[in-house]
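1. just need the structure, nothing else, for what follows:
(3 chains)
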Amino acid sequence: MVRSIVTLMTDFGLKDSYVAEMKGVILGICPSAEIVDVSHEIEKFNTRMGAYVLASASPYFPKDTINVAVVDPRVGTERRGLCIETARGYFIGPDNGVLVLAARVQGIKHVRVIKNAKFLLPNVSHTFHGRDVFAPVAAHLANGVNPSDIGPEKGKMVVPEFAKVVKDKNRVTGEILHVDGFGNVVTNIAEKDIEEVGASQGLSLKMNGVQERLRFCKTYGEVEVGEPLALIGSHGYFEISVNQGDASKDFGFKIGDKITFCL
Amino acid sequence: MVRSIVTLMTDFGLKDSYVAEMKGVILGICPSAEIVDVSHEIEKFNTRMGAYVLASASPYFPKDTINVAVVDPRVGTERRGLCIETARGYFIGPDNGVLVLAARVQGIKHVRVIKNAKFLLPNVSHTFHGRDVFAPVAAHLANGVNPSDIGPEKGKMVVPEFAKVVKDKNRVTGEILHVDGFGNVVTNIAEKDIEEVGASQGLSLKMNGVQERLRFCKTYGEVEVGEPLALIGSHGYFEISVNQGDASKDFGFKIGDKITFCL
Amino acid sequence: MVRSIVTLMTDFGLKDSYVAEMKGVILGICPSAEIVDVSHEIEKFNTRMGAYVLASASPYFPKDTINVAVVDPRVGTERRGLCIETARGYFIGPDNGVLVLAARVQGIKHVRVIKNAKFLLPNVSHTFHGRDVFAPVAAHLANGVNPSDIGPEKGKMVVPEFAKVVKDKNRVTGEILHVDGFGNVVTNIAEKDIEEVGASQGLSLKMNGVQERLRFCKTYGEVEVGEPLALIGSHGYFEISVNQGDASKDFGFKIGDKITFCL
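-> As a prediction, this is how the structure comes out:
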């Protein structure tokens, strides 16, 4: 028997029973589902952080994985619920951009609006669609329900906007996408952007009145403990780190800040 | 093969190995068990918060789920361990009230005291019955052991006390049961209490010297970001929230506070 | 079908997608694996705390459990990755001491260096061997790969050093191994050390200029709420606790402090 994998990502935290309620609903509908937590500590209501974390995790899951993502500040309003079918799996959650980055990487085949009440809990609350809408839809897909029965096609969806990466011969500007639990600062500047600017020998960070030369390394341990460095992180993006330290604190960076590097 | 679901709720936190030790014990006895975390971040020793969180989660799990709850400030003293059998499943933990709210909703059939050493670890510590008593009992039940073999019937058990909801034509008074990770303030006032008082158009909160008119909404997004509102939450209780904000901080409310609403 | 258990312990925290990426990799290689979290909240880079937590958890898991531990400040440098085979299972992670305490308890049979690229992800990053090296090796072992195919034998490995326990007739000195989420202070002094010193009636703590007589108890509830006590904890080590309080805060103790007790 093949067990369908259902991943869950939310901003619910782990203190309350909310995540467990979703798992109970899923296992009630599809007892063989293999549920895996992606994160439940997305900053509350931060759909951009959710989009980044989901896009980081989903490439490592097998084909046909069903991903549920609930960062949903407008739950219960007219915002729609989506079931996106890609070439490698499914993404289920609110139509606010949280699903898009991850789904695009896999190649979007269908974007459907969740409509069919047969696949929802009998009483849908106004405040907890994670449990009443998205969890049961995921479980029914895990049971083999035809995704076209979930609801009608919808051409457009809300797309999260990030600052465009701007490059010239001496300079590249991007945005801070994420600060991880180690204080590593992840930008939206990709490895190829750095190569095009020719910064492989190192580069200077200019921001917040600070100018700091950063060595371009392959790993943290190439500089002394406490020293800053730049590297291409494990997801292919340009990162600023401090060896065994916290770059976000040291430089005062936060998610959404624009950031410029010079040769 | 049917996989038995075993849920775990504790105040152990996730830093230490305690929760993993319980899971290791369960899988050693019942390799096919499906273990689901309810929460391990119950406030330490707060059996009332534990009772509320367990009662919130357990209705969403399938029939025959075995629920283990360990918030156990008096572990190793003469306090007894219970195995409660309901019409829908089992609740296992200390006799201090943490199991009762959840078990009652399902209809209690038998309350048994855990006695039979055959179903415990060979060496029961004085400080960690979650691992040495409650986890193995749950795993043996998951294996199909007859619950009447766990121990003898016990008529009475410790029941957590909450303030009674008091209503008259213009006013309803209750207690704050829980503050969730979003800062939503959950009271013990049920939807029908509000209906009887006739407050469906809105109501005033009087507390801590503050008087504030609250709109009675169906969901958070009906008021502006940062504005307070009242609603019936996803578990059927009356809640105070701030749209994309933290009602608990804004109003200075905490668990156990009494709270009064007027027309 | 027997499901192989794979445990995961890291210092990654639960906010980011890192732990989920490891789980995705494991389930992609071995869909039947049963993955259990030990802890992901090891203090960042604290291999000694990791060694203690892993050694606390692993005895409670069944035979043949595969344990992955990633506290890895020198990832991507020349430090080696190990696959330790014991009489009861496997320990996989960096060669920095994090695996050793747990593995020794089970009886080490083979220490192998991870070498065979066939069992790693196709592109091994310089910063995330948890996902690219240790997770896939664990999953291949779970699939039944011969452990001798992982890599060659390596005689020596890095061993974490803790202060030796020093005893005389009136006094025993050790080290603080761990402070748990309750503030319980766990030393490296074992039950037999205490018996040899003859401190079973109680003992005095001398440290940080404080001298405090501690009752030697079997469980927390033997003293009043807020009172300190000494006991043998659930893992067999001598602990200092405060009933329903936080001994670490009250006494100002932290991991690595030396600690002396007198009759």
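2. if I look at A:Leu177, how far off is C:Glu153?
-> 43 Å (CB to CB, to the nearest Å). Where C-beta positions appear, they are placed from N, C-alpha and C, glycine not excepted.
3. between these two, which has more neighbouring residues?
-> A:Leu177 (25 against 9; other CB atoms under 10 Å in any protein chain shown).
4. now do the same contact list for that one.
-> Residues near A:Leu177 by CB atoms under 8 Å, 6 or more residues apart in numbering or on different chains: A:48, A:52, A:162, A:186-188, A:237, A:255.
5. which SS class is it?
-> Following DSSP: H, G, I helix; E, B strand; the rest coil, A:Leu177 is assigned to strand.
6. what pairs with the helix or strand bottoming out on mean pLDDT in chain A, parallel or antiparallel?
-> Ranking every helix and strand in chain A by mean pLDDT, DSSP states H and E puts strand A:203-207 at the bottom, with a mean of 76. Looking at strand A:203-207 with DSSP bridges, its partner strands are strand A:210-214 (antiparallel), strand A:258-262 (antiparallel).
7. shouldn't A:Lys218 be in contact with C:Thr77?
-> No. Counting by CB atoms under 8 Å, C:Thr77 is not a contact partner of A:Lys218; they are 9.5 Å apart.
8. not including adjacent chain positions, what is the nearest residue to A:Pro220?
-> That one is not Pro; residue A:220 is Tyr. Excluding its sequence neighbours, the residue lying closest to A:Tyr220 (CB to CB, 6 or more residues apart in numbering or on different chains) is A:Asn243, at 4.5 Å.
9. just to check, that neighbour is in contact with A:Ala230?
-> No. In this structure A:Asn243 lies outside contact range of A:Ala230 using CB under 8 Å: 11.9 Å.
10. count of neighbours near the nearest residue to A:Val225 once chain neighbours are set aside?
-> Excluding its sequence neighbours, the residue lying closest to A:Val225 (CB to CB, 6+ apart) is A:Gln244, at 4.8 Å. Other residues within reach of A:Gln244, judged by other CB under 10 Å, total 17.
11. now do the closest residue in space to A:Lys218 that isn't next to it in sequence against C:Thr77, distance only.
-> Take A:Lys218 and drop its neighbours on the chain: the residue closest to it by CB to CB, 6+ apart is C:His126, 4.4 Å away. C:His126 sits 9 Å away from C:Thr77, going by CB to CB.
12. and what of A:Asp149?
-> Relative to C:Thr77, and taking CB to CB, A:Asp149 is found at 53 Å.
13. run through the bridge partners of the nearest residue to A:Asn184 once chain neighbours are set aside.
-> The shortest distance from A:Asn184 to any non-neighbouring residue, by CB to CB, 6+ apart, is to A:Ser241 (4.8 Å). Beta bridges link A:Ser241 to A:Leu229 when assigned by DSSP bridges.
14. can you verify A:Leu141 is assigned to a helix?
-> Yes. Looking at A:Leu141 with three-state DSSP, it is inside a helix.
15. helix or strand: which one has A:Thr187?
-> Under the criterion DSSP states H and E, the helix or strand holding A:Thr187 is strand A:185-190.
16. meant to ask about A:Arg112, not that
-> Using DSSP H and E, A:Arg112 falls in strand A:108-113.
17. the residue nearest to A:Lys218 belongs to a strand?
-> No. With three-state DSSP as the criterion, C:His126 is located in coil rather than a strand.
18. so it sits right up against A:Glu222, yeah?
-> No. With contact defined as CB under 8 Å, C:His126 does not reach A:Glu222; the gap is 9.1 Å.
19. so for those two, which residue has more residues nearby?
-> Neighbours were counted for C:His126 and for A:Glu222 using other CB under 10 Å; C:His126 has more, 19 against 16.
20. any figure for the gap between the more buried one and chain B?
-> Counting by CB to the nearest CB, to the nearest Å, the separation of C:His126 from chain B is 28 Å.
21. ranges for the helices of the stretch 51-200 of chain A?
-> A:100-106, A:129, A:135-142, A:191-197 (DSSP state H, counting those that start in this stretch).
22. quick check: angle from the longest one to strand A:108-113?
-> Relative orientation of helix A:135-142 with respect to strand A:108-113: 140 degrees, computed using axes from the mean of the first three to the mean of the last three CA atoms, to 10 degrees.
23. and helix A:135-142, anywhere near chain C?
-> No. Legend: contact between helix A:135-142 and chain C by CB under 8 Å from any CB of the partner chain is lacking; minimum distance shown is 13.7 Å.
24. name the nearest residue to the residue in the stretch 101-250 of chain A that chain C sits nearest to, ignoring sequence neighbours.
-> Residue nearest to chain C within the stretch 101-250 of chain A: A:Thr219 (2.8 Å; CB to the nearest CB). Nearest residue to A:Thr219, sequence neighbours excluded (CB to CB, 6+ apart): C:Gly76, at 2.8 Å.
25. quick one: name the residues of the stretch 151-263 of chain A near chain C.
-> Counting by CB under 8 Å from any CB, the stretch 151-263 of chain A sits next to chain C at A:178, A:180-182, A:218-222, A:231, A:233-234, A:244.
26. Throw the residues you listed into a markdown table and include pLDDT, thanks.
-> Written out in a markdown table, the entries for those read as follows (pLDDT from 0 to 100):
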| residue | pLDDT |
| --- | --- |
| A:His178 | 93 |
| A:Asp180 | 94 |
| A:Gly181 | 94 |
| A:Phe182 | 94 |
| A:Lys218 | 89 |
| A:Thr219 | 90 |
| A:Tyr220 | 92 |
| A:Gly221 | 90 |
| A:Glu222 | 92 |
| A:Leu231 | 91 |
| A:Gly233 | 87 |
| A:Ser234 | 84 |
| A:Gln244 | 93 |
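27. from these, which would you call buried?
-> Buried positions within those, assessed by neighbour count (16 or more other CB atoms under 10 Å in any protein chain shown), are A:178, A:180-182, A:219-222, A:231, A:233-234, A:244.
28. residue in the stretch 1-150 of chain A nearest to chain B?
-> Closest point on the stretch 1-150 of chain A to chain B, by CB to the nearest CB, is A:Gly76, at 2.8 Å.
29. make sure A:Phe221 is indeed in a strand.
-> Not quite, residue A:221 is Gly, not Phe. No. With three-state DSSP as the criterion, A:Gly221 is assigned helix and is not in a strand.
30. list the contacts of the nearest residue to it once chain neighbours are set aside.
-> Excluding its sequence neighbours, the residue lying closest to A:Gly221 (CB to CB, 6+ apart) is C:Thr77, at 4.1 Å. Contact analysis of C:Thr77 by CB under 8 Å, 6+ apart lists A:219, A:221-222.
31. list just the nearest of those to C:Glu43.
-> A:Gly221 (18.4 Å; CB to CB).
32. and the closest one, what does it touch?
-> A:243, C:73-77.
33. point out where chain A drops to low pLDDT.
-> Across chain A, the ranges flagged by pLDDT under 70 are A:1, A:199-201, A:208.
34. that one against chain B: which residues are in contact?
-> So far as CB under 8 Å from any CB goes, chain A lies against chain B at A:12-25, A:27-28, A:31-32, A:35, A:44-45, A:73-77, A:125-128, A:131-132.
35. ok, 6 Å please
-> Within chain A, the positions lying close to chain B (CB under 6 Å from any CB of the partner chain) are A:13-17, A:20-21, A:23-25, A:28, A:45, A:73-74, A:76-77, A:125-128.
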